[in-house]
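> here's my sequence, what's the structure:
(one chain, ligands or ions: 1)
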Amino acid sequence: MEIGILFLRKFTSMKNLLILTFMNFFLSHCAQKKIDLTQKPEQQTMENSTHTNNPYYSRTDKTKLNVSNEEWRKILPPEVYAIAREANTEYPFTGKYNDFDELGEYYCAVCGNHLFRSSSKFASSCGWPSFYEADKDGVIYKRDTSHGMERIEVLCKRCDSHLGHVFNDGPPPTGMRFCMNSASLDFEPDSRK
Ligand SMILES: [Zn+2]
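Numbers count the residues shown, from 1 in each chain. You can find the predicted model right below:
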């Protein structure tokens, strides 16, 4: 009887292990598939057109902006507004700069403030564009306890837009991982300089 129970227990744990292995394979396969499906954006879409009707957009003016969300809502495309002004997060592996390694500069999609240089971008498996260093004059930090988590939110220093979060599990030399939303970023390739 005891041997029977022991066998049953062993069998059950083996079964669990098999299920776990299968789930693991399934999940990693799906994640891989998502990466594969992510297409690199066309050159035309690189020039983020979010600022064509945006009177506050500037890559040189560092003056702090104080614009209400009511006004931003009229100016920004809905997906940029939802993420940058209401702190939503885009789905992993969907952002245009996630699987993207061109050389250039990253600016705030809302106001044009300089945020990152492509040399600090690294291939992270988290599903969002990741950088190990931000322009220290470009970003500010805020404690974020939403969704039952303790995180550090990263915001644009000029317009206070939500960019993403920063974690301390990044690569050298800083050990930081700036996990950003593509919708909050605006990329300018070096080739266009
Ligand atoms: Zn900004």
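
> now this structure, which segments are flagged as low pLDDT?
Within the chain, the stretches with pLDDT under 70 are 1-50, 193.

> try 80 this time
Scanning the chain for pLDDT under 80 picks out 1-52, 192-193.

> helices along that one, start to end?
2-37, 43-46, 69-75, 78-80 (DSSP state H).

> which parts of this structure sit against the ion?
Applying Cβ under 5 Å from the ion, we find that the chain lies next to the ion at 108, 110-111, 113, 156, 158-159, 161. For every residue, glycine as well, the C-beta is placed using N, CA and C.

> of the residues you listed, buried ones?
108, 110-111, 113, 156, 158-159, 161 (16 or more other Cβ atoms under 10 Å).

> can you list the domains in the chain?
With domains defined by automatic domain parsing, the chain comprises 1-37, 45-192.

> pick the most deeply packed of those domains.
domain 45-192 (a mean of 17; mean count of other Cβ atoms under 10 Å).

> and the closest residue to residue 87 other than its chain neighbours, how far is that from residue 69?
Excluding its sequence neighbours, the residue lying closest to residue 87 (Cβ to Cβ, 6 or more residues apart in numbering) is residue 162, at 4.1 Å. Counting by Cβ to Cβ, to the nearest Å, the gap from residue 162 to residue 69 is 11 Å.

> now do the shared contacts for the two.
85-86 (Cβ atoms under 8 Å, 6 or more residues apart in numbering).

> all strands of this protein, in order?
104-108, 114-117, 121-122, 130-131, 139-144, 151-156, 162-167, 177-180, 185-189 (DSSP state E).
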